[in-house]
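Undergrad: Quick one, fold the following:
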Amino acid sequence: MTSSETLTGGVQPRPVVAGLPRYAAGKPPAAVDGMASYKLSSNENPLPPLPAVLEAIAHQTDFNRYPDPLSSRLRAELSGFLGVPAEDIVTGAGSLGALNQLLATFAGRNDDGTPDEVVYAWRSFEAYPISVGLSGAESVRVPVTADGRHDLRAMAAAVTARTKMVLLCTPNNPTGPVLGTAETEDFIRRVPPHVVVVIDEAYQEFVRAEDVVDGIAMYRKYPNVVVLRTFSKAHGLAGLRVGYSVSNAALTQHLRVAATPFAVSQIAEKAAIVSLQNYPQVVERVQSLVDERERVTAGLRSLGWAVPDAQGNFVWLDLGDHSAGFAELAGAQALSVRAFPGEGVRVSIGEVDANTRFLQLCANYTNAPRGS
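TA: Numbers count the residues shown, from 1 in each chain. As a prediction, the model looks like this:
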């Protein structure tokens, strides 16, 4: 036995665990003398929650009690906000928690041992292969196009008799582009109606592109469509873990069985409700970040850099083998960015000074992204 096996008595994880990638959360920035440090590695909102939210939760004390397992008050608020029945909303610990509930319900390993298939674009959200693998299902990754977009025709062709779910990430994390309405509807029609089509809209509030697909409109039109959204990004509540799915009642009746009890705490539910009640202020804050995103992308393109259409709160640099080296240079400038070695670098839109320093770094960098 190895020393590790000796310490654990030889206990081993399920075989699937050994083959899964590790989720690499964005690292905090290193301290550099004389420089303010900025974290641009996790797509976080650099602004704190709204003052009304902070005030509402400042004196909450009922943590000796379990939260409402159905998040009834939040679902009622979302029902009015989205114009959908509260019964069609299932909350979870962030949109990832909501996704894990979907996978637990609709995709996994069958009684005969065969795995279901889940189709998604790649590169996309790095938690997808982990969550799919842990569910017992098998990932089918379809490469994104050269400009970072979903190849919907190839994804439709990848659907087989074993496919139980398709994940559409729009805007796509980490590359940035969105899906259009017509191409998404065409895709949904190509997919068998028993396949669950998940439209992951974690960054929906940041989108300014025209004719972008509206997941809620698709859910209303197609009974196999599920929408994922979150309070982590636009609302600045990443640390409180509040997300949700919206789906037809025929799906939610099964989804509630697999939903994690008490996933959304009392303080998280109240914060989300108050943030929704003050949504015009959320919109103002999001617009300030969109303005910064436009400044950053314009600055990069003025340097001659090719940057995919950025519709989230981040930009993608297709740096290939130079990705890790670029991240090291950013670290020396007290900026943490998210490198995907051999592929590219995702840089979140942060504080104005952070974004300016990032542009200065790029102006002095000699290995421009591929496609420039």
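Undergrad: in this protein, which ranges drop under the pLDDT threshold?
TA: 1-8, 372 (pLDDT under 70).
Undergrad: Which parts of it belong to which domain?
TA: The chain breaks down by automatic domain parsing into domains covering 10-48+280-363, 60-278.
Undergrad: Mean neighbour count and distance to G371 for the ones you listed - can I get that in CSV?
TA: Any C-beta I mention is one placed from the backbone N, CA and C, and that applies to glycine too. Shown next, in CSV, are the domains of the chain (neighbours: other Cβ atoms under 10 Å; distance: least, Cβ to Cβ, whole Å):
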stretch, mean neighbour count, distance to G371
domain 10-48+280-363, 17, 4
domain 60-278, 19, 7
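Undergrad: Any chance of TSV for these, columns distance to P369?
TA: Below are the domains of the chain laid out as TSV (distance: least, Cβ to Cβ, whole Å):
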stretch	distance to P369
domain 10-48+280-363	4
domain 60-278	11
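Undergrad: Between the ones you listed, which one is closest to L54.
TA: domain 10-48+280-363 (7.1 Å; Cβ to Cβ).
Undergrad: so which of the domains of the chain comes closest to R370?
TA: Nearest to R370, of the domains of the chain and by Cβ to Cβ, is domain 10-48+280-363 at 4.7 Å.
Undergrad: Work out the gap between the closest one and the centre of the chain.
TA: 14 Å (Cα atoms, centre = their mean, to the nearest Å).
Undergrad: From the centroid of the chain, which residue is nearest?
TA: Residue closest to the average C-alpha location in the chain (Cα atoms, centre = their mean): A202, at 4.9 Å.
Undergrad: Just to check, that residue is in contact with L228?
TA: Yes. The pair A202 and L228 qualifies as a contact (Cβ atoms under 8 Å) at a distance of 6.8 Å.
Undergrad: Quickly list what's touching both of these two.
TA: The contact sets of A202 and L228 overlap at S95, G243 (Cβ atoms under 8 Å, 6 or more residues apart in numbering).
Undergrad: so what's the backbone phi/psi at T230?
TA: Main-chain dihedrals, T230, degrees, to the nearest 10: phi -150, psi 160.
Undergrad: Touching, it and V242? I think so.
TA: Yes. Look at T230 against V242 with Cβ under 8 Å: they come within range, at 7.0 Å.
Undergrad: shared neighbours of these two, which are they?
TA: Residues touching both T230 and V242 (Cβ under 8 Å, 6+ apart): G94.
Undergrad: all helices for this protein, in order.
TA: Ranges of helices in the chain, per DSSP state H, are 3-8, 15-18, 51-57, 72-82, 94-106, 127-135, 152-158, 181-190, 215-221, 249-258, 266-277, 279-302, 323-332, 352-363.
Undergrad: Check which helices and strands the second one sits against.
TA: Using 3 or more Cβ pairs under 8 Å, 6 or more residues apart in numbering; DSSP states H and E as the contact criterion, the secondary-structure elements in contact with helix 15-18 are helix 127-135.
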